[in-house]
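**Q** Sequence and computational prediction follow.
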Amino acid sequence: MIKLNGVCKTYDKTEHLALSDIDICISKGEFVFIVGKSGAGKSTFMKLILKELEPSTGEIHVDDQDITKIKRRHIPFYRRKLGIVFQDFRLLSDKTVYENIAFAMEIVETSTAVIKESVPNALKLVGLSHRAHYFPDQLSGGEQQRVAIARAIINNPYLIICDEPTGNLDPKTSIGIMNLLKDINAKGTTVIMATHDKDIVDLMQMRVIALHGGKIVSDKKGGYHSED
Ligand SMILES: Nc1ncnc2c1ncn2[C@@H]1O[C@H](COP(=O)(O)OP(=O)(O)OP(=O)(O)O)[C@@H](O)[C@H]1O
């Protein structure tokens, strides 16, 4: 479960509240969209959960842990529970598809035997077994995003955080990526996705939390709403 209680965030010395009085609860296994105009607070929300930022007030619980209390040296261990997918893929250009995914396991000290078994399985899941030895610049945008998703799930995260994962993709490719995320979610992984893509949100019919001026203005199932 992910729970935010009375979370406010101001940046540095500004008095402007990037997030204000956020109280929400996301159950394990949910798929949640975070929507809102530019400046609404979506990235701030995601960065708080990733522990890239600290709240100015309030508590944030992820998987029954108050993450505001995690010590700096323990942050890398906390982040191992999370898979992250960005708009711009962020693959390592000098590593092949296989190596990009294997690298995510190497840095958490997974054994070679487990890596050799897990990476082909992840590639199969995202439909890219035939691209294992390609480099990122030999792939389409949609294929690169599939690699990024394979890398995000390879260590069995509790939660996948997606920041505009379809932002650089055409509508058809975007739907393929969303179906992949839906399948991963159906196996029990919680997904939180920030997006501007109204068509995708309407298509998926999942829970939608809308932010405006740092406040939650709507929290409903089933697409965008007129007041969002
Ligand atoms: N590093 C920062 N320093 C000061 N203010 C910031 C900083 N980052 C964000 N803000 C402010 O916090 C508010 C929320 O910004 P945030 O980036 O979370 O919005 P967003 O919904 O993700 O926008 P976008 O869709 O454009 O990415 C905005 O008013 C923004 O100007």
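**A** It's in.

**Q** Check whether residue 174 really touches residue 201, as I assumed.
**A** No. When contacts are counted by C-beta atoms under 8 Å, residue 174 is not listed as touching residue 201 (11.3 Å). Every C-beta, even on glycine, is put in place using the N, C-alpha and C of the backbone.

**Q** any idea how far the ligand is from the spatially most central residue of the chain?
**A** What sits nearest the mean C-alpha location of the chain, by C-alpha atoms, centre = their mean, is residue 161, with 1.3 Å. For residue 161, the distance to the ligand equals 13 Å [C-beta to the nearest ligand atom, to the nearest Å].

**Q** Mind jotting down where the helices sit in the protein?
**A** 42-49, 75-79, 97-106, 112-125, 141-153, 171-186, 198-204 (DSSP state H).

**Q** okay if I get those as JSON lines plus distance to the ligand, mean neighbour count and mean pLDDT?
**A** What follows is those, written out as JSON lines (distance: least, C-beta to the nearest ligand atom, whole Å; neighbours: other C-beta atoms under 10 Å; pLDDT from 0 to 100):
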{"stretch": "helix 42-49", "distance to the ligand": "3", "mean neighbour count": "21", "mean pLDDT": "95"}
{"stretch": "helix 75-79", "distance to the ligand": "19", "mean neighbour count": "13", "mean pLDDT": "92"}
{"stretch": "helix 97-106", "distance to the ligand": "25", "mean neighbour count": "21", "mean pLDDT": "96"}
{"stretch": "helix 112-125", "distance to the ligand": "29", "mean neighbour count": "15", "mean pLDDT": "96"}
{"stretch": "helix 141-153", "distance to the ligand": "18", "mean neighbour count": "23", "mean pLDDT": "95"}
{"stretch": "helix 171-186", "distance to the ligand": "17", "mean neighbour count": "17", "mean pLDDT": "93"}
{"stretch": "helix 198-204", "distance to the ligand": "13", "mean neighbour count": "16", "mean pLDDT": "92"}
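
**Q** who touches residue 222 in this structure?
**A** Residues near residue 222 by C-beta atoms under 8 Å, 6 or more residues apart in numbering: 205, 208.

**Q** Let's see the pLDDT reported for it.
**A** We have a pLDDT of 80 for residue 222.

**Q** So it versus residue 17, what's the distance?
**A** With the distance defined as C-beta to C-beta, to the nearest Å, residue 222 ends up 29 Å from residue 17.
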